[in-house]
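K.L.:
Fold the following.
(one chain, ligands or ions: 2)
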Amino acid sequence: MSLINEIRLIYKAAVDAVRPGFLVNQAIKYSDNVVHIQGELELAVDRNCHVIGFGKAVLAMALQIDKIIGQHIVKGVISIPHGVAAQYSLPDQFLNRYTIYEGAVNNIPDEGSLKATKEIENMVANLKNDDLLFVLVSGGGSALLASPAEDLSLDEKKKTINLLSKSGANIQELNSVRKKLSRIKGGKLAQLSYPATTIALILSDVIGDPLDVIASGPTVKNKDPANIGLDIIQKYQLGNQLPTRVVECLSSPTTSNLDDTTFSHVHNFLIGSNLSALQAAEAYANQTGFTTAILSDRINGEAKEIGLQFARLARLFAQMMTMSNDQHEKMEELSVTAENLHIDPRYCCTLERLVRSCRNVRKNLCLIGGGETTVSVRGEGLGGRNQEMVLSYLVETAVEACSDELDIVFLSAGTDGIDGPTAAAGAFSCQSQFALAQAQGLNPRTYLDNNDSYNFFNLLQQGKYHLITGPSGTNVMDIHVLCFYWK
Ligand SMILES: Nc1ncnc2c1ncn2[C@@H]1O[C@H](COP(=O)(O)OP(=O)(O)OP(=O)(O)O)[C@@H](O)[C@H]1O
Ligand SMILES: O=C(O)[C@H](O)CO
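P.N.:
Ligands and ions are numbered 1, 2, ... in the order given. The predicted model follows:
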């Protein structure tokens, strides 16, 4: 099998492990009218069960819940992105129980999100004491669950989030503002469902898996300070550009009128994360004979810079694997690169031991990382954060050949199968690529400078180094795989 195809299978193992249906099945076991959730909670389900969901992955989650306890579900309402329903064949009994709304084109809340949220609010507000509510949550949920606070309009909210997003606000900041401007985010959905037992199953698309941030934490107590919204708009100097009513709403002192006891009916479960995907990738790579290491599940920063750091790591590891002399100097370099890649510096000694063992017994090495980078798009080209990272890696590794004794292959790809506004999930890089590009008259640096990574990989060897999978129906951010094979 080609090296690229081997890595393709490692990626596939990662994505398969975080498919929503699989994760729900893993989290919920059913027997004799009782569900056991992650081995932590047991609940009788021979009562009226309701399901709500919002996010890119929740249709598949709902289908699986329905397979497990469909006979107990009286009603479900889910809010999913446009076009997702058509990708599934939905059984009649599912369609009879569920109302499915599609909305949030380009991840921006719209009429579809508003309608879905209204129906969710109505349903949840009418729950009785002994009803059971399942809440399915995944990335994209913030835009799919939209209920503007007080008398704000959707346009005012959208304008605020757009301005913040363009100013470079991170997801924590965006969602803190979203919580202040919402009637349902930041734990307020849980307030509405009280006192019905509420079980949230959450698939994380945020670094560090902060439950209060994922989809703006509708079932999680909001711990943001009261003035956070104003602080954020001041930080980005947006005060003058925002509608007056938004500024008034952000200035209101309340974060949440919920005390801890009000959350006693809520149980939040993280059912999948980037780390789950990385662990599955590692297990698969191990089975296929690699020595493996998970570097970090928190890799973030500018994609171009992270690509460069991976190139440094590749060069460093290649040297450490093939040279037998003293490696003290290399360790210093390793700890600097590791820090830049958000790898725990204490882990460097373990990595050094792994490299040494690979050198001694000539075993192949597979390093796995994950997280989510950003791209400040300044060029006119087409690309995504993963393809940009790989192109930057290629530009950097091309400066000097990494090793004569090793083949080194790098992949970066989104677990959702979609990298930015392109048809690819990500791209591969290997040592021969620079020469191949030159032979075709393609200058990687020019494409990188123009943020045109998609077109570079599309033209190079007729797209041979693109990873194209189609949408995977899940999203736990991105995965990076760096493999060293003895020739
Ligand atoms: N030409 C380009 N080159 C590189 N990256 C780009 C380009 N155009 C847009 N992007 C990046 O693509 C991202 C937007 O794509 P996408 O809609 O997949 O992001 P997202 O909604 O944050 O993704 P996800 O759903 O995977 O979290 C942004 O991070 C943006 O910087
Ligand atoms: O919906 C959202 O808020 C983002 O995808 C983070 O979860």
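K.L.:
Please report how far E329 lies from Q319.
P.N.:
As defined by CB to CB, to the nearest Å, E329 lies at a distance of 10 Å from Q319. Backbone N, C-alpha and C define where each C-beta goes, glycine included.
K.L.:
Kindly report the same for L144.
P.N.:
As judged by CB to CB, L144 and Q319 stand 48 Å apart.
K.L.:
out of the two, which sits in the more crowded spot?
P.N.:
Using other CB atoms under 10 Å as the criterion, L144 and Q319 rank with L144 on top: 30 against 16.
K.L.:
ranges for the helices of the stretch 151-300 of the chain?
P.N.:
For the stretch 151-300 of the chain, helices defined by DSSP state H, counting those that start in this stretch occupy the ranges 154-166, 171-180, 188-193, 228-235, 244-251, 274-287.
K.L.:
tell me which residues of the longest one are tucked away?
P.N.:
Right, the one you point to is helix 274-287. Of all the residues in helix 274-287, those buried under the rule 16 or more other CB atoms under 10 Å are 274-282, 284-285.
K.L.:
list the helices and strands it packs on?
P.N.:
Using 3 or more CB pairs under 8 Å, 6 or more residues apart in numbering; DSSP states H and E as the contact test, the elements touching helix 274-287 are helix 3-16, strand 291-302, strand 365-374, strand 478-486.
K.L.:
and it, is it in reach of ligand 1?
P.N.:
No - Helix 274-287 lies apart from ligand 1 when judged by CB under 6 Å from any ligand atom; the minimum separation is 11.3 Å.
K.L.:
what's D416 in contact with, if anything?
P.N.:
Residues in contact with D416, defined by CB atoms under 8 Å, 6 or more residues apart in numbering, are 56, 425, 471-472, 474-475.
K.L.:
Report the contact partners of the residue in the stretch 151-300 of the chain that ligand 1 sits nearest to.
P.N.:
Ligand 1 sits closest to D205 of the stretch 151-300 of the chain, with a gap of 5.8 Å, by CB to the nearest ligand atom. Going by CB under 8 Å, 6+ apart, D205 touches 138-140, 214, 372, 475-477.
K.L.:
same thing with E40?
P.N.:
For E40, the contacting residues are F269, taking CB under 8 Å, 6+ apart as the criterion.
K.L.:
what does the protein put close to ligand 2?
P.N.:
Applying the criterion CB under 6 Å from any ligand atom, the portion of the chain that neighbours ligand 2 consists of 139-142, 171, 175, 205-206, 214-216.
K.L.:
follow-up on the earlier one: once you drop chain neighbours, what's closest to the residue of the stretch 151-300 of the chain closest to ligand 1?
P.N.:
G139 (3.0 Å; CB to CB, 6 or more residues apart in numbering).
K.L.:
doesn't I80 make contact with the one you found?
P.N.:
No - between G139 and I80 there is no contact, the gap being 11.8 Å when judged by CB atoms under 8 Å.
K.L.:
Find residues that contact each of those two.
P.N.:
The overlap between the contact sets of G139 and I80 (CB under 8 Å, 6+ apart) consists of 55-56.
K.L.:
And G473, how far from L334?
P.N.:
Using CB to CB, one obtains 37 Å as the distance from G473 to L334.
K.L.:
report the angle between the axes of the worst-scoring helix or strand of the chain on mean pLDDT and strand 291-302?
P.N.:
Among the helical and strand segments of the chain, the one scoring lowest on mean pLDDT, DSSP states H and E is helix 328-340, with a mean of 85. Angle, helix 328-340 to strand 291-302, by axes from the mean of the first three to the mean of the last three CA atoms, to 10 degrees: 50 degrees.
K.L.:
got the helices and strands packed on helix 274-287 as a markdown table, with distance to ligand 1, mean pLDDT and mean neighbour count columns?
P.N.:
Shown next, in a markdown table, are the helices and strands packed on helix 274-287 (distance: least, CB to the nearest ligand atom, whole Å; pLDDT from 0 to 100; neighbours: other CB atoms under 10 Å):
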| stretch | distance to ligand 1 | mean pLDDT | mean neighbour count |
| --- | --- | --- | --- |
| helix 3-16 | 13 | 97 | 19 |
| strand 291-302 | 10 | 95 | 20 |
| strand 365-374 | 5 | 96 | 24 |
| strand 478-486 | 8 | 97 | 25 |
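K.L.:
Tell me which stretches of the stretch 301-450 of the chain form helices.
P.N.:
Using DSSP H, counting those that start in this stretch, the helices assigned to the stretch 301-450 of the chain run over residues 303-322, 328-340, 348-361, 385-398, 433-439, 444-449.
K.L.:
And the residue of the stretch 1-150 of the chain that's closest to ligand 1?
P.N.:
When distances are taken as CB to the nearest ligand atom, the stretch 1-150 of the chain approaches ligand 1 most closely through N107, which lies 5.1 Å from it.
K.L.:
which ones are touching the closest residue to that residue other than its chain neighbours?
P.N.:
The shortest distance from N107 to any non-neighbouring residue, by CB to CB, 6+ apart, is to A143 (5.0 Å). A143 sits next to 103-104, 107-109, 113 when contact means CB under 8 Å, 6+ apart.
K.L.:
Just the buried ones from those residues?
P.N.:
For these, a burial check counting by 16+ other CB under 10 Å picks out 103-104, 109, 113.
K.L.:
What is the nearest of the residues you listed to I228?
P.N.:
Nearest to I228 among the buried ones among the contacts of A143, counting by CB to CB, is P109 at 20.5 Å.
K.L.:
Helix, strand, or coil at the closest one?
P.N.:
Under the three-state scheme (DSSP: H, G, I helix; E, B strand; the rest coil), P109 adopts coil.
K.L.:
For it, which residues are in contact?
P.N.:
Going by CB under 8 Å, 6+ apart, P109 touches 103, 142-144, 146, 154, 157-158.
K.L.:
repeat for A44
P.N.:
By CB under 8 Å, 6+ apart, A44 lies in contact with 33-34.
K.L.:
Got phi/psi on it?
P.N.:
Summarising the backbone geometry of A44 under the convention degrees, to the nearest 10, its torsions are phi -70, psi 140.
K.L.:
Let me have the contacts of A143 in a markdown table, extended by pLDDT.
P.N.:
Supplementary listing: the contacts of A143 in a markdown table, determined by pLDDT from 0 to 100:
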| residue | pLDDT |
| --- | --- |
| G103 | 95 |
| A104 | 93 |
| N107 | 86 |
| I108 | 90 |
| P109 | 94 |
| S113 | 97 |
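K.L.:
Would you confirm that N25 contacts I68?
P.N.:
Yes - the pair N25 / I68 is scored as a contact, 7.3 Å apart, by CB under 8 Å.
K.L.:
which neighbours do those two share?
P.N.:
With the criterion set as CB under 8 Å, 6+ apart, the contacts of N25 and I68 do not overlap.
K.L.:
just to revisit the earlier point, what's the most distant pair in the contacts of D205?
P.N.:
Taking CB to CB, the two most distant members of the contacts of D205 are S138 and E372; they sit 14.6 Å apart.
K.L.:
chain center to stretch 110-119, what's the gap?
P.N.:
In terms of CA atoms, centre = their mean, to the nearest Å, the centre of stretch 110-119 is set 24 Å apart from its chain centre.
K.L.:
Give me the residues contacting that stretch.
P.N.:
Applying CB under 8 Å, 6+ apart, the external contacts of stretch 110-119 come out as 54, 77-79, 82, 99, 101-104, 143-147, 154, 184.
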